[in-house]
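Enquirer: dropping a prediction and its sequence here:
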Amino acid sequence: MVRQRSAVVPPEVSATLRLARKEREMSMDRAAKAAQISTSLWTQVENGTQYKRGEKVRASTTAETLQAMAAAVGLDAEPLLRQAGLEPVEVNRAATQAQSGIVDLSGLSEGDLQMVAAYVNGIRAARRG
């Protein structure tokens, strides 16, 4: 069997990603950053449409992107990949994040993120004092 590189995003996948993002009180921009993709790509996949050569067409994506998006909003990617007709791919985002010093805060609500920001600001203030 030949592995598909990309596939059209089914409406059910778009709806599942949108609902999970909203339940976590994440903006599209914050979700895209957590998935390490552009906000434009997040928007296309979540809305299920994109423009090619000036025409509106159904959005397509890769397994890697879909997996990253699912992880960003705390979903299991397997059902989404199945719905899109894609197979999982090996992605080592944790190693990339560990090397860069990035802490994965994806899936946190806006309120939780505000608490983390307050904590970090407290540490910074203590270091200055």
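Expert: That came through fine. As the structure is a computational prediction, the values presented were derived from the model and not from experiment.

Enquirer: chain neighbours aside, what residue packs nearest to the residue nearest the centre of the chain?
Expert: In the chain, the centroid-proximal residue (Cα atoms, centre = their mean) is residue 69; its distance is 2.6 Å. In space, residue 69 comes closest to residue 35 once its chain neighbours are excluded; the distance is 4.9 Å by Cβ to Cβ, 6 or more residues apart in numbering. Where C-beta positions appear, they are placed from N, C-alpha and C, glycine not excepted.

Enquirer: is it true that the residue nearest to the centre of the chain touches residue 42?
Expert: Yes. With contact defined as Cβ atoms under 8 Å, residue 69 and residue 42 form a contacting pair (6.8 Å).

Enquirer: any shared contact partners between these two?
Expert: With contacts defined as Cβ atoms under 8 Å, 6 or more residues apart in numbering, the residues adjacent to both residue 69 and residue 42 are 31, 35.

Enquirer: where in the protein is the helix or strand with the lowest mean pLDDT?
Expert: Lowest mean confidence among the helices and strands of the chain (mean pLDDT, DSSP states H and E): helix 93-100, at a mean of 48.

Enquirer: how about the residue nearest to the centre of the chain, what does it touch?
Expert: Counting by Cβ under 8 Å, 6+ apart, residue 69 touches 17, 31, 35, 37, 42, 45.

Enquirer: the residue lying closest to the first one once chain neighbours are set aside: neighbouring residues, count only.
Expert: Read it as residue 17. With Cβ to Cβ, 6+ apart as the measure, residue 46 is the residue that lies nearest to residue 17, at 5.4 Å, once sequence neighbours are left out. Neighbourhood size, residue 46 [other Cβ atoms under 10 Å]: 21.

Enquirer: element containing residue 46?
Expert: Using DSSP states H and E, residue 46 maps to helix 39-47.

Enquirer: quick check: buried residues in that helix?
Expert: For helix 39-47, the neighbour count (16 or more other Cβ atoms under 10 Å) marks 41, 42, 43, 44, 45, 46 as buried.
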